[in-house]
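Q: pasting the sequence and the predicted model now:
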Amino acid sequence: MAAMGPLERAMPPLDADERACLESWLDFYRCTLAQKCDGLKEDQLREASVAPSPITLLGLVQHMAEVERNWFRRVLAQEAAPPIFSPDADPEATDGGFDLAEGAAYDKALPIWQAEMDRARKNCAAHALEDTSPFLGGQVTLRWIYTHMIAEYARHCGHADLIRERIDGRTGV
């Protein structure tokens, strides 16, 4: 998913090497989240799932931009990258972005998320799957980060599917 233009989600290859498989599944879920947001108006993207949960599609996009930044910039590349949507938040926190600031908007969050994905791809291209980075007093491999990110996106795409179904009945994408 090089850009968020037409949202054509590619099926991950069935016979690829490990790296291509991991990258393809991550892009598959990135595109899935974008598809869940596609065609909705701003107020729909800000609509919470169901009480008491405050999760919104816009909040999920912001959160995933924060998660991309955390794993692929702070952890993998060891960059000092501050939080995006909550500047006063703890930079070590990985659960940011869910809360919507008064001026939060999808047309602002989307290019930020895209930029984080682009940066993630560049950072990953500079590392082998076995390369490690310091994390929680130990070492984490790029392979582990990819696997974690696929799980993170898959979980949140499930949330997005339920939110979207509640908004307009659309399911499946």
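A: Nice, thanks for sending it over.

Q: what sits up against the host helix or strand of Thr32?
A: Following DSSP states H and E, one finds Thr32 within helix 18-37. Identification of contacts with helix 18-37 by Cβ atoms under 8 Å, 6 or more residues apart in numbering yields 1, 4, 7-13, 16, 45, 57-58, 60-61, 64, 106, 117, 124, 129, 143, 146-147, 149-150, 153-154, 156-157, 160-161, 163-164, 173. (Glycine included, C-beta is placed from N, CA and C.)

Q: which parts of it are buried?
A: Going by neighbour count (16 or more other Cβ atoms under 10 Å), the buried part of helix 18-37 is 21-37.

Q: cool, and stretch 9-16?
A: For stretch 9-16, a neighbour-count test (16+ other Cβ under 10 Å) marks Pro12 as buried.

Q: pLDDT below threshold where in this structure?
A: For the chain, applying pLDDT under 70 flags the ranges 1-7, 87-95, 173.

Q: the lengthiest helix in the chain to helix 18-37, inter-axis angle?
A: If you go by DSSP state H, the chain has its longest helix at helix 142-168. Angle of helix 142-168 versus helix 18-37, following axes from the mean of the first three to the mean of the last three Cα atoms, to 10 degrees, is 20 degrees.

Q: list the residues that contact Glu8.
A: Cys31.

Q: now it: how far from Ala80?
A: 36 Å (Cβ to Cβ, to the nearest Å).

Q: quick one: contacts of stretch 109-120?
A: The contact list for stretch 109-120, computed with Cβ under 8 Å, 6+ apart, reads 1, 3-4, 30, 58, 61-62, 64-65, 68-69, 71-73, 84-85.

Q: how about it: buried residues?
A: 109-110, 112-114, 116-117, 119-120.

Q: do stretch 76-88 as well
A: 76-77, 81, 83-86.

Q: looking at those residues, which one is closest to Pro134?
A: Pro134 has its nearest neighbour among the buried residues of stretch 76-88 in Leu76, at 10.4 Å by Cβ to Cβ.

Q: quick one: that closest one from Leu100, how far?
A: Using Cβ to Cβ, we find Leu76 at a distance of 28 Å from Leu100.

Q: which stretches in the protein count as strands?
A: In the chain, the strands defined using DSSP state E lie at 132-135, 138-141.

Q: in its sheet, what does the first one sit against?
A: Strand 132-135 sits in its sheet next to strand 138-141 (antiparallel), going by DSSP bridges.
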